[in-house]
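# Structure of the sequence below:
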Amino acid sequence: MMLLAEMSTGTIALLAVAGVAVLFLLYFISAYNGLVTLRNRYKNAFAQIDVQLKRRYDLIPNLVETAKGYMKHERETLEAVIAARNQAVTAGQRAAANPGDPSAMQALSGADAQLTGTLSRLFALAESYPDLKANQNMLQIQEELTSTENKVAFSRQAYNDAVMQYNTARESFPTVIIAGMAGFTEARLFEIEVATQREAPKVSF
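Okay, here's the model as predicted:
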């Protein structure tokens, strides 16, 4: 009788341990899947940014080519725009390969700020060239660039919101333990580092 009681106690203890293990496993699976969902969400949000950035980068050579015919004495500025554009393309490709990666997103933020600054200088100089301001091709590029800049800003906000949700879930206890075990690293926001360059370049003449 005592042996049966001991066996029953041992069985209960074993079942309790097994029950706790099952509950932990179920929570681990749920938390893991939740982090995967949030990570995929911000990666998809960055894909929308990437589409708009590529559109922006495609417009800039046409912009410079049009301006070149009127701004022959502004060669340094035009070359600076192209150089900044090429640097931004490279940074964008790196970020697209690994959205949220801190070093890649920091490089993209810096390159985007640099490009915005050079474009702003170009448009400021263009004010001194009335014929350029009236050029139909320039006006069309201006309209498309303005629209693209607005879409980039909207997409950036959606991405940053998704990153915040992911980072909050990842850093919350006890999910932070599972995130560390499963290799879910912190994602970085896409922000413009320099306060004076947070606004899109003014392209209206």
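# next structured bit after the biggest helix by length in the chain?
As far as residue count goes, and with DSSP state H defining each element, the longest helix of the chain is helix 2-68. Stepping forward along the backbone from helix 2-68, the first helix or strand reached (DSSP states H and E) is helix 75-97.
# Which neighbouring elements make contact with the longest helix of the chain?
With contacts defined as 3 or more Cβ pairs under 8 Å, 6 or more residues apart in numbering; DSSP states H and E, the secondary structure elements packing on helix 2-68 are helix 75-97, helix 102-126, helix 136-171, helix 175-182. Any C-beta I mention is one placed from the backbone N, CA and C, and that applies to glycine too.
# swap the cut-off to 7 Å and go again
helix 75-97, helix 136-171, helix 175-182 (3 or more Cβ pairs under 7 Å, 6 or more residues apart in numbering; DSSP states H and E).
# who wins for proximity to residue 18 among those?
Comparing those by their distance to residue 18 (Cβ to Cβ), the top pick is helix 175-182, with 20.3 Å.
# That closest one vs helix 136-171, what angle?
With axes from the mean of the first three to the mean of the last three Cα atoms, to 10 degrees as the basis, helix 175-182 and helix 136-171 are set at 100 degrees to each other.
# export helix 175-182 as PDB, just CAs?
What follows is helix 175-182 as a C-alpha-only set of coordinates in PDB (Å, rounded to 0.1, in the frame of the first residue of the first chain):
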ATOM      1  CA  THR A 175       9.700  37.000 -24.400                       C
ATOM      2  CA  VAL A 176      13.200  38.600 -24.200                       C
ATOM      3  CA  ILE A 177      14.600  35.300 -23.000                       C
ATOM      4  CA  ILE A 178      13.100  33.400 -26.000                       C
ATOM      5  CA  ALA A 179      14.300  36.200 -28.400                       C
ATOM      6  CA  GLY A 180      17.800  35.800 -27.100                       C
ATOM      7  CA  MET A 181      17.700  32.000 -27.400                       C
ATOM      8  CA  ALA A 182      16.200  32.100 -30.900                       C
END
